[in-house]
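I'd like to go over a predicted model; first the sequence, then the structure.
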Amino acid sequence: MRFNYNKRNTEAEWMDDPSMDPHILDTAVADINLCNTYLGGYQFTKKAVLDIIKQNPQKRYRIIDVGCSDGAMLRYLKKELPQYELDLLGVDLSRRSIEKATERSRGIEGVRFRESDIFKTPLKELECDIVLVTLTLHHFGEDVILDFLKRFRQMAGLAVIINDLHRHPVAYGFFKFLSPIFIRNEISIHDGLISVASGFRRADFERYAAALEIDDDRLIWKWSFRYIWIIPTHERKN
């Protein structure tokens with residue numbers, strides 16, 4: 001695959017193949033979680049969630065993580081934010097992911113998971129305060145991203161928080177040459193490169209915002225070539 005700074009990659013990740021061996025997939029997901037831990041991915045989302053909570057004090061918050069995979073993000077938030085009453089729901093198209101998320105979250109109160117297509121699920125069942133979308137948006141092509149963003153905004157009463165990759169040649173080069181040191185899984189390395197190439201530039205987010213007439217969003221760049229895109233929804237709904 002040739003990295004293109006000016007255009008998002010359209011090649012599919014191997015992990016998206018539904019016939020992939022589940023044990024290999026589990027190893028790849030573990031690698032992603034490792035990267036999220038060491039590159040600050042969880043902390044960036046937590047900080048964004050805290051900002052929304054502090055700006056919108058209420059007794060209880062319902063948060064939905066779209067594309068939750070094995071549920072690591074929700075378990076992290078439950079552990080890191082014990083002072084808040086959180087109702088956490090992870091949704092994913094993959095039955096295998098939901099089974100693993102449920103298994104790994106057994107005994108944790110207030111964390112649930114559901115196999116769900118958010119376009120086929122009644123909106124009433126998906127309404128929440130905050131929608132999280134972490135390392136998921138880059139899996140989608142340009143032809144459907146706006147539809148997903150519209151749906152996220154319909155779901156969220158306070159805000160949508162998107163945490164995804166910055167498409168940049170430095171990030172691509174670092175991952176290409178350094179990932180074999182700490183990642184042994186060939187699929188993780190291949191898909192990591194695909195993910196960076198499928199990531200976003202600031203101009204991409206600005207284009208999506210303009211198309212959806214969003215003018216009160218915040219786009220924050222992080223040192224590990226991540227973007228945190230916060231889209232408030234409460235003012236639009238009030």
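Noted; the coordinates are in hand. Numbers count the residues shown, from 1 in each chain.

tell me which element residue 82 is part of?
Assigned by DSSP states H and E, residue 82 falls within no helix or strand.

With residue 177 as the reference, measure out to residue 229.
Distance, residue 229 to residue 177, using CB to CB, to the nearest Å: 28 Å. Where you see a C-beta, it was placed from the backbone N, CA and C, and this is true even at glycine.

same deal with residue 125?
Residue 125 is 45 Å from residue 177, by CB to CB.

Neighbouring strands of the top strand by length along the chain in the sheet, and parallel or not?
Longest strand in the chain, counting residues (DSSP state E): strand 156-165. The strands beside strand 156-165 in its sheet (DSSP bridges) come out as strand 128-134 (parallel), strand 226-232 (antiparallel).

Give me whichever of the ones you listed is most buried.
Counting by mean count of other CB atoms under 10 Å, strand 128-134 has the highest mean neighbour count of the strands paired with strand 156-165, with a mean of 24.

Grab the most central residue of the chain for me.
In the chain, the residue lying closest to the centroid (CA atoms, centre = their mean) is residue 134, at 1.2 Å.

Neighbour count for residue 125 and residue 177, which is higher?
The neighbour comparison of residue 125 against residue 177 (other CB atoms under 10 Å) goes to residue 125, with 13 against 9.

ok so, going back, which helices and strands does the helix or strand following the longest strand of the chain pack with?
Using DSSP H and E, the helix or strand that follows strand 156-165 in sequence is helix 169-182. Contacts defined by 3 or more CB pairs under 8 Å, 6 or more residues apart in numbering; DSSP states H and E place helix 169-182 against helix 186-198.

starting at the chain centroid, how far to the helix it packs on?
16 Å (CA atoms, centre = their mean, to the nearest Å).

Helix 169-182 and that one, what's the angle between them?
Angle, helix 186-198 to helix 169-182, by axes from the mean of the first three to the mean of the last three CA atoms, to 10 degrees: 170 degrees.

Now stretch 57-76: buried residues?
Within stretch 57-76, the residues that qualify as buried are 61-76, counting by 16 or more other CB atoms under 10 Å.

which ones among those are found in helices?
The members of the buried residues of stretch 57-76 that map onto helices under DSSP state H are 72-76.

out of these, who's nearest residue 90?
Nearest to residue 90 among these is residue 74, at 5.3 Å by CB to CB.

which other residues reach stretch 112-122?
Stretch 112-122 has contacts (CB atoms under 8 Å, 6 or more residues apart in numbering) with 66, 68, 71, 88-95, 98, 101-102, 105, 126, 147, 151, 155.

quick check: angle from the helix with the most length in the chain to helix 169-182?
Secondary structure assigned by DSSP H gives helix 22-38 as the longest helix of the chain. Computed with the same axes, to 10 degrees, the direction of helix 22-38 lies at 120 degrees from that of helix 169-182.

Which positions in helix 22-38 come out as buried?
Buried-residue list, helix 22-38, by 16+ other CB under 10 Å: 25, 28-29, 31-33, 35-36.
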